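prediction below, plus the sequence it came from.
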Amino acid sequence: MSGLIVTDPPRAHAEDVETLGGYGVATVHESLGRTGSLGPGFRPIQQDVRIAGTAVTALCWPGDNLMIHAAVEQCREGDILVVTTTSPSTDGMFGDLFATALQYRGVRGLIIDAGVRDTADLRAMGFPVWSTAVCAQGTVKATAGSVNTPVVLGGQVVRPGDVIVADDDGVVCVPREQAGRAVKAAEARTAKEDASRAAFAEGQLGLDRYGLRETLVRLGVRYQAYDEYTRNGSPS
Ligand SMILES: O=C([O-])CC(=O)C(=O)O
Ligand SMILES: [Mg+2]
């Protein structure tokens, strides 16, 4: 396998990244028409942390972290490193040494479809990570791969420069060109949710607020009193 390192890709506007970082992953995902989620496999090693940044991608051979070393050089302030392997691997290919190098460069965190290790140290140093495995198994530095080419994690395409938002709910990717639209949509959705939250706090039901009684009728869902429901001894 030959390799490729793409330098200096265009990145989403910093202002849009910061704004999206103010919204949760669920809100950003909903705002984009329920797209962009990397799925439930990416678990945070910490809690109560949200980050947003621009993706620098690395495609590695399983059990080999050579291309993470190459990717570190391409990272700059405000980036998030996004790593995957050419076939599934749980090896611990990232730990506190890499995190130290990335923090020096102003990188905000790591998303990796593979294993990480030194997790207590990563938490202590405040370097946020979302991974599909935690594993002490070490790796070599021997095989070519690529940096800053499009990669797929959890069925989701991530391109260099795309916006990544990650929190306790998981990870979402916003295509670079859609960041502005996502900001507006997230703003609108948040306003709508704020109004619903206030209504729910005063007792309004979602059935009424969202017009869902009509939906139940349309779907043929009917009400039945408990006595009638149990009259013949068995639920009907
Ligand atoms: O060095 C490695 O191969 C990965 C690691 O544990 C670290 O970055 O601390
Ligand atoms: Mg280590």
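Structure's in. What do you need? Numbers count the residues shown, from 1 in each chain. Ligands and ions are numbered 1, 2, ... in the order given.

need the residues of the protein near ligand 2, please.
Counting by C-beta under 5 Å from the ion, the chain comes close to ligand 2 at 95, 118. In this view, the C-beta of every residue, glycine as well, is placed from N, C-alpha and C.

quick check: Phe6 touching Gly161?
Heads up, residue 6 is Val, not Phe. No: the criterion here is C-beta atoms under 8 Å, and Val6 misses it with Gly161 at 10.3 Å.

so what's the residue count around whichever residue of the chain sits closest to ligand 1?
Per C-beta to the nearest ligand atom, Gly95 is where the chain lies closest to ligand 1, at 2.7 Å. A count of nearby residues for Gly95, using other C-beta atoms under 10 Å, gives 20.

same question for Val28.
Per other C-beta under 10 Å, the neighbour tally for Val28 reads 27.

looking at Val6 and Gly161, which one has more neighbours?
Taking Val6 and Gly161 together and counting by other C-beta under 10 Å, Gly161 has the greater number of neighbours (20 against 13).

so what touches the longest helix anywhere in the chain?
Assignment by DSSP state H gives helix 179-201 as the longest helix of the chain. Applying C-beta atoms under 8 Å, 6 or more residues apart in numbering, the contact partners of helix 179-201 are 12-13, 16-17, 19-20, 23, 27-28, 30-32, 163, 174, 206, 209.

distance between it and the chain's centre?
19 Å (C-alpha atoms, centre = their mean, to the nearest Å).

re earlier: give the phi and psi angles for the nearest residue to the residue of the chain closest to ligand 1 once chain neighbours are set aside, as a check.
Distances taken as C-beta to C-beta, 6 or more residues apart in numbering put Asp118 closest to Gly95, at 3.5 Å, once the chain neighbours are dropped. For Asp118, the backbone dihedrals are phi 60, psi 40 (criterion: degrees, to the nearest 10).

list the residues that contact Asp118.
95-97, 99.

next one: it from Met93, what distance?
Counting by C-beta to C-beta, to the nearest Å, the gap from Asp118 to Met93 is 11 Å.

quick one: list the elements packing against the strand or helix carrying Val172.
According to DSSP states H and E, Val172 maps onto strand 170-174. If you count contacts as 3 or more C-beta pairs under 8 Å, 6 or more residues apart in numbering; DSSP states H and E, strand 170-174 packs onto helix 25-31, strand 156-158, strand 163-167.

how about the ones you listed in JSON lines, adding mean pLDDT and distance to Gly78?
Listed next are the helices and strands packed on strand 170-174 as JSON lines, based on pLDDT from 0 to 100; distance: least, C-beta to C-beta, whole Å:
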{"stretch": "helix 25-31", "mean pLDDT": "97", "distance to Gly78": "17"}
{"stretch": "strand 156-158", "mean pLDDT": "98", "distance to Gly78": "16"}
{"stretch": "strand 163-167", "mean pLDDT": "98", "distance to Gly78": "10"}
